[in-house]
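Participant: got a sequence here, can you build the structure:
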Amino acid sequence: MIAEVKKLLDEKEYSELCDLLCEKEPADIARIFDQLTNDEMLQTFRALKEDIASSVFVELESDLQQALMEGFTDQELSDIMNGLDLDDAVDIIDGMPASIVRRILRHSEPERRRQLNKLFNPPEDPAGTNMATELVRMKARFTEVRSLLDEKKYRELRDLLCEEEPADIAQIFDQFPKDEVSLMFRVLHKDFASEVFVEMDSDLQQALIEGFTDQELSDIMNDLFLDDTVDVIEEMPASVVRRILKHTEPERRRQINKLLNYPEDSAGTIMTTEFVRLKAHFTVSDAFKTIRRQGVDKETIYTCYVTDEHRVLLGVVTVKQLLLAEEDTVLEDIMIEDPIFAHTDDDKKDVSLAMSKYDFLAMPVVDSEQRLVGIVTVDDALDVIQEEDTEDIEMMAAITPSDKPYLKTGVFETWKNRIPWLLILMISATFTSKILTHFEGSLATLPVLTAFVPLLMGTGGNAGSQASVSVIRALSLGDVQMKDFFKVFLKETMVALLCGISLGIVNFGKMFLFNDVSRAEHGLEVSIGVSLVVSIAIAITVIIAKISGGMLPILVKRIGLDPAVMASPLITTIVDVLSLLVYLGIAQAILGYFGISI
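Facilitator: Numbering: from 1, shown residues only. Got it, this is the predicted structure:
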């Protein structure tokens with residue numbers, strides 16, 4: 001078939017070529033195209049009827065589609081892409097580089113382009129969001145922004161960006177050079193620009209700040225919520241911080257300095273002082289007037305806080321309660337008294353977990369005299385939980401935690417974060433080699449014992465990791481406390497016994513049935529002895545590993561350290577040492593019974 005196609009191409013018999021190919025299914029034609037050169041493929045494609053051509057184009061691999069589009073005239077590209085189903089068009093765009101995507105969108109009909117953009121938008125149900133479609137949408141949006149920026153159509157660029165969420169715009173900006181980001185940032189409306197600024201990475205924020213005029217810097221920083229301003233300042237070098245504070249309003253500067261003085265990782269560092277405060281004697285009507293007057297500058301108005309004349313927290317009232325109550329109802333009659341609150345020096349992780357536990361949109365924060373000084377909002381709580389989870393994962397992998405994203409962390413800094421724990425683990429592993437060296441003569445007497453050392457150490461390490469990861473996660477979520485020590489001990493002991501006995505029995509059966517080497521060299525009795533040694537050692541090692549893995553994280557937390565340090569790498573090292581001691585000790589006892597001295 002391919003020879004016949006090439007013959008017709010050489011003879012330029014395009015009509016006969018079309019008749020020949022149109023007898024085939026589009027998928028079969030696509031397989032023929034795969035054996036042609038780019039020029040032959042383009043000639044063959046142009047010989048097809050328009051409706052057949054579109055069907056064949058969909059069946060081609062993305063590299064062949066790209067080769068064809070690079071050879072298409074603008075009109076051919078427009079005809080093909082506008083003739084495809086919308087979902088097929090999306091699939092094709094997903095596999096194309098930015099230059100091709102830009103050309104496709106430029107030559108799509110306006111209605112078609114609108115449909116594509118609509119299809120790129122994620123569904124309303126987040127659970128049903130297709131991540132691939134979202135990536136395609138962002139890729140297409142980047143291409144449109146690039147095109148409008150190159151053509152200096154700044155009004156259209158602003159309108160396009162304002163249709164996006166601030167977090168998505170920050171993601172788009174991250175793909176542009178910093179000088180172009182500065183230009184696009186100035187295109188945005190002032191209020192919207194502040195929301196986008198908060199979502200940017202700290203290095204991009206710093207680049208923008210360094211390019212701002214004093215007035216621009218003052219406008220942006222004074223327009224941010226107070227907790228967002230503090231977050232930005234904490235990531236900046238001293239020279240930039242001085243400039244920010246210099247061009248911040250005096251009262252705002254005082255509030256910023258107060259928040260910066262709270263202990264590191266405390267609730268005070270993530271709270272905002274921008275909330276609605278009401279009085280207990282207010283009526284519902286008075287409350288709404290206060291909310292309308294103050295709410296525009298507050299971070300949230302869905303939950304309002306009732307205090308006395310000394311700012312002592314008395315209760316909370318939600319907008320739902322206000323809407324459902326009569327206008328002359330007094331707040332102290334409908335407010336929730338004795339609300340759950342945090343103190344300024346509480347750990348921010350504990351506060352975030354409490355908000356998750358109680359499904360709070362905001363948590364009131366009080367000082368030592370029970371005076372309301374701020375609130376922690378759910379967006380900041382989510383950030384804290386994400387940071388803490390990332391830190392725990394890094395600690396569990398024996399990596400010094402870093403505040404920077406992976407791709408933003410330099411090679412040297414990554415090395416610096418990883419090498420300390422690798423050195424510690426390498427040095428601690430010398431205990432293992434010391435034990436092997438000490439028993440070298442014994443192992444030489446019965447070399448087959450050496451073959452099972454990796455099995456023993458690997459099984460023990462895996463068992464210890466299972467227990468430690470489970471307990472560390474439970475500690476992180478607050479499911480396990482220090483008072484639960486004996487409950488955890490009892491549970492892990494029972495699980496360890498069951499796992500150890502199960503693995504020991506299975507291992508004995510496996511070795512007795514399939515360990516032909518030791519049986520052939522040393523006889524049946526020795527083979528049974530070795531099987532018993534390894535199986536009992538595995539059972540005891542698993543028991544020790546699981547109990548150690550479950551208990552050590554709790555003990556480490558008790559002395560004030562992060563329990564994540566007792567995760568897989570360190571637990572594995574400890575279990576390796578213990579498993580060797582158990583193994584060789586059992587070997588001497590059991591094999592001695594069989595008359596073998598080691």
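
Participant: let me see the ranges of the strands in the stretch 201-350 of the chain.
Facilitator: Counting by DSSP state E, counting those that start in this stretch, residue ranges of the strands within the stretch 201-350 of the chain are 277-279, 303-307, 313-318, 336-337, 342-343.

Participant: format those as a markdown table; extra columns: distance to Met236, mean pLDDT and mean neighbour count.
Facilitator: C-beta: built from backbone N, CA, C; applies to glycine. As requested, these are exported to a markdown table (distance: least, C-beta to C-beta, whole Å; pLDDT from 0 to 100; neighbours: other C-beta atoms under 10 Å):
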| stretch | distance to Met236 | mean pLDDT | mean neighbour count |
| --- | --- | --- | --- |
| strand 277-279 | 30 | 93 | 17 |
| strand 303-307 | 31 | 93 | 23 |
| strand 313-318 | 33 | 94 | 20 |
| strand 336-337 | 39 | 91 | 12 |
| strand 342-343 | 27 | 94 | 20 |
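
Participant: of all those strands, which lies closest to Val145?
Facilitator: strand 303-307 (37.3 Å; C-beta to C-beta).

Participant: from the chain's centre, how far out does the closest one sit?
Facilitator: What separates the centre of strand 303-307 from the centre of its chain is 34 Å, taken as C-alpha atoms, centre = their mean, to the nearest Å.

Participant: next, the angle from it to strand 313-318.
Facilitator: 150 degrees (axes from the mean of the first three to the mean of the last three C-alpha atoms, to 10 degrees).

Participant: direction included, what does strand 303-307 pair against?
Facilitator: strand 277-279 (parallel), strand 313-318 (antiparallel) (DSSP bridges).

Participant: quick one: which of those is nearest Asp85?
Facilitator: strand 313-318 (47.6 Å).

Participant: can you check which of the strands paired with strand 303-307 gets nearest to Leu116?
Facilitator: Of these, nearest to Leu116 by C-beta to C-beta is strand 313-318, at 41.8 Å.

Participant: neighbouring contacts of the closest one?
Facilitator: 278, 280, 287, 302-308, 331-332, 334-339, 341, 364, 366, 370-372 (C-beta atoms under 8 Å, 6 or more residues apart in numbering).

Participant: now the helix or strand containing Leu498: buried residues?
Facilitator: Using DSSP states H and E, Leu498 sits in helix 485-514. For helix 485-514, a neighbour-count test (16 or more other C-beta atoms under 10 Å) marks 488, 491-492, 495-496, 499-500, 503-504, 507-508, 511-512 as buried.

Participant: one more: stretch 69-82?
Facilitator: 69, 71-72, 76-78, 80-81.

Participant: now, which of these lie within helices?
Facilitator: 69, 71, 76-78, 80-81 (DSSP state H).

Participant: what's the spacing between the longest helix belonging to the chain and its chain's center?
Facilitator: Assignment by DSSP H gives helix 524-558 as the longest helix of the chain. Its chain's C-alpha centre and that of helix 524-558 lie 35 Å apart, by C-alpha atoms, centre = their mean.

Participant: now the element after that helix, going C-ward?
Facilitator: Downstream of helix 524-558, the next assigned helix or strand under DSSP H and E is helix 568-593.

Participant: for that following helix, name the packing helices and strands.
Facilitator: helix 411-428, helix 430-438, helix 440-445, helix 453-477, helix 524-558 (3 or more C-beta pairs under 8 Å, 6 or more residues apart in numbering; DSSP states H and E).

Participant: out of these, nearest to Glu235?
Facilitator: Evaluated over these, closeness to Glu235 peaks at helix 411-428, with 15.2 Å, by C-beta to C-beta.

Participant: against which helices or strands is that closest one packed?
Facilitator: Against helix 411-428 (3+ C-beta pairs under 8 Å, 6+ apart) you get helix 568-593.

Participant: what angle sits between the helix it packs on and helix 430-438?
Facilitator: 20 degrees.

Participant: measure how helix 568-593 sits relative to helix 524-558, angle-wise.
Facilitator: Using the same axes, to 10 degrees, helix 568-593 lies at 150 degrees relative to helix 524-558.

Participant: before we move on, the earlier item: helices or strands up against the longest helix of the chain?
Facilitator: helix 453-477, helix 485-514, helix 516-522, helix 568-593.

Participant: and the average pLDDT for it is what?
Facilitator: Helix 524-558 shows an average pLDDT of 85 in the prediction.

Participant: what of stretch 359-376?
Facilitator: Averaged over stretch 359-376, pLDDT sits at 91.

Participant: check which residues of that stretch are buried.
Facilitator: 360, 362-366, 372-376.

Participant: output that stretch as CSV - backbone C-alpha positions only.
Facilitator: This file holds the C-alpha atoms of stretch 359-376, laid out as CSV (Å, rounded to 0.1, in the frame of the first residue of the first chain):
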residue,chain,number,x,y,z
ASP,A,359,-14.6,24.1,60.4
PHE,A,360,-13.9,27.8,61.2
LEU,A,361,-13.6,30.4,58.5
ALA,A,362,-11.7,32.5,61.1
MET,A,363,-10.3,32.0,64.6
PRO,A,364,-10.2,34.9,67.1
VAL,A,365,-6.8,35.6,68.7
VAL,A,366,-6.5,37.2,72.2
ASP,A,367,-3.6,38.4,74.3
SER,A,368,-2.8,37.4,77.9
GLU,A,369,-5.6,39.6,79.2
GLN,A,370,-8.2,38.0,76.9
ARG,A,371,-8.4,41.1,74.8
LEU,A,372,-9.2,40.5,71.1
VAL,A,373,-6.2,41.5,69.0
GLY,A,374,-6.7,39.8,65.7
ILE,A,375,-8.1,36.8,63.8
VAL,A,376,-6.6,34.0,61.7
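
Participant: thank you, goodbye.
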